[in-house]
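> Sequence first, then the predicted structure:
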Amino acid sequence: MFKSKREELEYEIKRVFTDERVAYCRYQVYEENGLKVIAFVDSEGAKEKLLQFFNNFSSQVEARVTVLGNELPEKLQYGQVRTSVMDVRKDPRFRSERVRQLIFGEWVRVLEIGTDFSLIKDLNHGYIGYIRNQEMAFCSQARMHAICSKPLYKVGSRFALVNSLEDVNSSLWVPLGAYIYTEDLQEPVFESVNGNYEITEGHLSLAKNSQEVFEKNIRFFMGTPYLWGASTTFGTDCSGLVGRLYNLAGTIIPRDSDQQERSLQEISADERRFGDLIYFPGHVGMYLGADLMLHSNIYHGGVSVDNVFSPVEAYGRELLTKITSIRRVEGGVTFENDHR
């Protein structure tokens, strides 16, 4: 099957990390008194996994594996989103595909720094991609931990206005779910890596997973335009919508619908209840009860509600035939009196 041991090695390396969205590996194989490999990965765990693979493949392989980011200056190894939304792109160029979005206050680990774009790994989902340097405030791990030592609140209104106390150009509207760290919920001033801000419109809330809070946040999303790779009240795709709703409840689920479907607990259609996730090929929605599903979709152009279990319209009937599974987020929604 393989013309050489080198060809076999290059083929097998690609199988070590099956999901490049959350596992980065760049490598070069060359022959010099045997096979030699120089590789770059995104984490210590990935380094150990790759070295173990080389050891099992052949004792004749000489490998050097480097964890990206470790050699950067400490003050540049982490970052916090400083803009309302920050696009994460597949390649380091503006016209590259948006693979996901981060919002004000969220954190990343920096892997590589370029002139205009940097390679990052977000600390919620482990998603990897390129961001514009101007949209992020770089910092050390110690600085990040100092800010995160304060209680985390999230914007609990559809949008909130945060004004910079140092730079008028850094004042902005941030979406539902933006991260705010503060000791006092009543105190409008808070600290971020990019400086101090004051909330002048909107309000904050703690993460809660009650059905009542879910329903309130769902109302904020209604009518939000469909936007590929996004997850905010400015625009959202299907998996971004359900992921953000669970994030607001204090639960992190995988970013993309296929990742979610692989990792969450499957249930039968008869067991479905509010908050369960309904999967289709390349699509996901949230069950609301009464046979209704909330989802961000191209058909309606944004976030809408459709009947998928007793449909009367053609679109609902089509959805019903394409359901691949129904999944439940463990501890995802709490119910008063446990009425389900």
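That came through fine.
> how about the nearest residue to residue 277, chain neighbours excluded?
residue 327 (4.9 Å; CB to CB, 6 or more residues apart in numbering). The way it works is simple: take the backbone N, C-alpha and C, and place the C-beta from them, glycine included.
> Could you report the distance from that neighbour to residue 291?
18 Å (CB to CB, to the nearest Å).
> So if we follow the domain assignment, how does the chain break up?
Using automatic domain parsing, the domains assigned to the chain come out as 5-67, 68-206, 211-338.
> will you turn the ones you listed into CSV that also has mean neighbour count and mean pLDDT?
Converted to CSV, the domains of the chain look like this (neighbours: other CB atoms under 10 Å; pLDDT from 0 to 100):
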stretch, mean neighbour count, mean pLDDT
domain 5-67, 15, 93
domain 68-206, 18, 96
domain 211-338, 18, 96
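> one step back: just to check, the residue nearest to residue 277 is in contact with residue 261?
Yes. Using CB atoms under 8 Å, residue 327 is in contact with residue 261, at 6.2 Å.
> who touches both of the two?
Counting by CB atoms under 8 Å, 6 or more residues apart in numbering, the residues touching both residue 327 and residue 261 are residue 279.
> Let me see the contact set for the nearest residue in space to residue 234 that is not next to it in sequence.
Nearest residue to residue 234, sequence neighbours excluded (CB to CB, 6+ apart): residue 175, at 5.7 Å. Contacts for residue 175 (CB under 8 Å, 6+ apart) come out as 84, 85, 103, 104, 155, 158, 159, 232, 233, 234.
> and which of these is nearest to residue 185?
Using CB to CB, residue 155 is the member of those that lies nearest residue 185, at 12.3 Å.
> Skipping adjacent residues, who's closest to that closest one in space?
residue 178 (4.3 Å).
> ok, now residue 117?
residue 92 (3.7 Å).
> That neighbour contacts residue 116, doesn't it?
Yes. Using CB under 8 Å, residue 92 is in contact with residue 116, at 7.3 Å.
> any idea how far the residue nearest to residue 234 lies from residue 219?
According to CB to CB, residue 175 and residue 219 sit 14 Å apart.
> Tell me who's in contact with residue 240.
By CB under 8 Å, 6+ apart, the contact list for residue 240 reads 100, 101, 229, 230, 231, 232, 255, 296.
> what helices or strands is the helix or strand hosting the last one leaning on?
Which is residue 296. Using DSSP states H and E, the element containing residue 296 is strand 292-297. Other helices and strands packing on strand 292-297, by 3 or more CB pairs under 8 Å, 6 or more residues apart in numbering; DSSP states H and E, are helix 211-221, helix 238-248, strand 283-289, strand 302-307.
> let's go with 10 Å and repeat that
Packing contacts for strand 292-297, counted by 3 or more CB pairs under 10 Å, 6 or more residues apart in numbering; DSSP states H and E, involve helix 211-221, helix 238-248, strand 277-280, strand 283-289, strand 302-307, helix 314-322.
> Tell me which of those lies nearest to residue 7.
That would be helix 238-248 among these, by CB to CB, at 36.5 Å.
> How far away from the center of its chain is that closest one?
What separates the centre of helix 238-248 from the centre of its chain is 9 Å, taken as CA atoms, centre = their mean, to the nearest Å.
> Helix 211-221 and that helix, what's the angle between them?
140 degrees (axes from the mean of the first three to the mean of the last three CA atoms, to 10 degrees).
> re the thing from before, where does the residue nearest to residue 277 fall, secondary structure wise?
Here residue 327 is assigned to strand 325-328, by DSSP H and E.
> can you give me the helices in the stretch 1-150 of the chain?
5-16, 44-57, 141-148 (DSSP state H, counting those that start in this stretch).
> Report all helices and strands that the shortest one contacts.
Spelled out, that is helix 141-148. Helices and strands touching helix 141-148, by 3+ CB pairs under 10 Å, 6+ apart, are strand 78-81, strand 107-113, strand 136-139, strand 179-181, strand 189-192.
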